Every structure is written in structure tokens, then in C-alpha cells.
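Asks: for reference, the sequence and a predicted model appear below.
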Amino acid sequence: MSKYLILLAFILISTKGDYVPDSQRAELVFYNKTIVKDMHFRYGKYNRTISAMNASYVLLRDFTDAKMMFTIHGDQFFHNEFRFTGQKLAINACQLWKLNMFHLVEQFENVGLVMDLCNLKKGPYHITNFIFDSDVYPKYMPKGLWRVSIKVNHENVGEILFVRWYFELK
């Protein structure tokens, strides 16, 4: 019996995080037109195997008070519909940036976007060929189809942006 438990533990340890993410699409669901104007959002194939995000927008106000929040939650596809899995992350944007979660700072710098979410100034922003780095995905997500909802809110202003991202972990 203990041999089977050891074998099962070995299989689980050696397969954790061993998946290939296939990013399928992302869609801009909503943006606050009193805060953001001229918003253009496109997510599509960069080449045959990789998808990339392109966006351009003009931010109409400064956000320097560290009151912007990101709410991220994951829904997995079960029985012909996406169902909430209980995986939810709500974090202050400034903390997210300072902690460099998911290596976002480097990922944005790689596409030429130098910004600071703790001191976000109004003006034009352009994101060109932003490719999500699969090495920084959470390593303990079950395989299958996923929909990740990303909401950006501000304590005083309300909802700023809402994006849904669909991908498959194989």
C-alpha cells in the first residue's frame, strides 16, 4: 500500500505545473469613457503559435493616490459553461507593481511601455505585441479551458476597465 502512495506522490509532484498554456482570445468588455478615451484593444495571433495584445488609449486623469485595485478571478469550463472556481485575487495595483507579481514590470518594459502603477500620469499609452509569459503562470491550476476576468477599479472613481481572457491549459 505504501508503494502506491509513494508512486502517486511522485506522479503528482512531477506533473505539477507541467502544462502548456494556449491563449485563445481576450476581449475588452468595458472601459470608463470619462477616464479613458480613444481606447483600441486587439488580441490576436502574433505568429502561428503565439498570441499578443495590442492596445492604445489616452488616460484623462492622474492616479497617484495608490487607490487603484485589480480584481482577478478564474472560471473553469465544466459541463458546457464557465463556472467560478473560487480562485480570486484582489490586490492594490501599486502593491502588484512593487511586488512585481507575475513579472509584469519586465513584461511591460519588454514591449516599450515604461510606467509605474503607483504614479500613473495622464496621457497617451501604447502597448505593442504584449505576450503573456507562460513561465509566470500559477503552477497549480488544473488543466482545461479557463476564463480569467480582470477588473480595474478605483476607490473614488469606480470601475475603470474590464477584460476577459480565455485560454486552455494542456
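Replies: The structure has been received and is ready for your questions.
Asks: does residue 20 really touch residue 167, like I thought?
Replies: No - using Cβ atoms under 8 Å, residue 20 makes no contact with residue 167, being 10.4 Å away. C-beta coordinates here come from the backbone N, C-alpha and C atoms, glycine included.
Asks: the more surrounded of the two?
Replies: Legend: neighbour count by other Cβ atoms under 10 Å for residue 20 and residue 167, higher for residue 167 (19 against 9).
Asks: run through who's touching stretch 27-41.
Replies: Contacts to stretch 27-41, defined as Cβ atoms under 8 Å, 6 or more residues apart in numbering, come from residues 43, 53-61, 157-164.
Asks: what's the distance between it and the middle of its chain?
Replies: How far stretch 27-41 lies from its chain's middle: 17 Å, per Cα atoms, centre = their mean, to the nearest Å.
Asks: what residues sit buried inside that stretch?
Replies: For stretch 27-41, the neighbour count (16 or more other Cβ atoms under 10 Å) marks 28, 31-32, 35-36, 41 as buried.
Asks: quick check: nearest residue in space to residue 125, chain neighbours excluded?
Replies: Using Cβ to Cβ, 6 or more residues apart in numbering and skipping the chain neighbours, the partner closest in space to residue 125 is residue 57 (5.7 Å).
Asks: low pLDDT regions in the chain?
Replies: Counting by pLDDT under 70, the chain has low-confidence residues at 1-19, 137-138.
Asks: now the helices: where do they sit in it?
Replies: Using DSSP state H, the helices assigned to the chain run over residues 2-15, 93-99, 104-110.
Asks: got the buried residues for the last one?
Replies: Of the residues in helix 104-110, those buried under the neighbour-count criterion (16+ other Cβ under 10 Å) are 104-105, 107-108.
Asks: I appreciate the help and will end here.
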